[in-house]
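Student: I'd like to go over a predicted model; first the sequence, then the structure.
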Amino acid sequence: MFGDFAPKLAELTDGVLFADVWNRPELAARDRSLVTVAVLAAGGDTAQLEFHLGRAIENGVTQTELIEMLTHVTLYAGWPKGMAAMGVAKKVFGEG
């Protein structure tokens with residue numbers, strides 16, 4: 001996405017984050033997806049959330065589990081952030 005504009009950021013994203021961290025054996029990709037979506041939702045980072053909700057589905061997390069997790073996060077992270085995250089989920093799941 002930023003390879004031509006910010007090659008070092010693209011290199012770190014591809015080489016460190018996705019090639020190394022996401023593949024460490026201490027935590028399954030499914031669990032990493034749950035953690036990532038929860039952190040993005042709690043932080044209000046909806047721009048990144050759409051991609052990671054799709055990735056979570058690819059990693060075996062169900063839509064039902066993601067909706068439940070976002071509901072849970074809403075009560076800890078704050079209503080506006082949770083509602084925004086749920087809006088992204090609704091769009092990603094083709095219901096919005």
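Tutor: Thanks, I have the structure now. Numbers count the residues shown, from 1 in each chain.

Student: where exactly do the helices run in the protein?
Tutor: Remark: helices assigned in the chain by DSSP state H are 7-12, 29-43, 46-58, 63-77, 79-92.

Student: what does the first one rub up against?
Tutor: Which is helix 7-12. 1-3 (CB atoms under 8 Å, 6 or more residues apart in numbering). C-beta here means a position set from N, CA and C on the backbone, and glycine is covered the same way.

Student: repeat that with 10 Å
Tutor: Helix 7-12 is contacted by residues 1-4, 6, 18, 20 when judged by CB atoms under 10 Å, 6 or more residues apart in numbering.

Student: starting at the chain centroid, how far to the helix or strand bottoming out on mean pLDDT in the chain?
Tutor: In the chain, no helix or strand scores lower on mean pLDDT, DSSP states H and E than helix 7-12, which sits at a mean of 93. Relative to its chain's centre, helix 7-12 lies at 20 Å (CA atoms, centre = their mean, to the nearest Å).

Student: mind checking how far Glu65 is from Leu49?
Tutor: To Leu49, Glu65 is 15 Å away according to CB to CB, to the nearest Å.

Student: okay, the two: which has more neighbours?
Tutor: More crowded of Glu65 and Leu49, by other CB atoms under 10 Å: Leu49, with 25 against 16.

Student: how close does the more buried one sit to Lys91?
Tutor: Taken as CB to CB, the span from Leu49 to Lys91 is 10 Å.

Student: buried residues, stretch 25-34. List them.
Tutor: Counting neighbours by 16 or more other CB atoms under 10 Å, one finds that the buried residues in stretch 25-34 are 29, 32-34.
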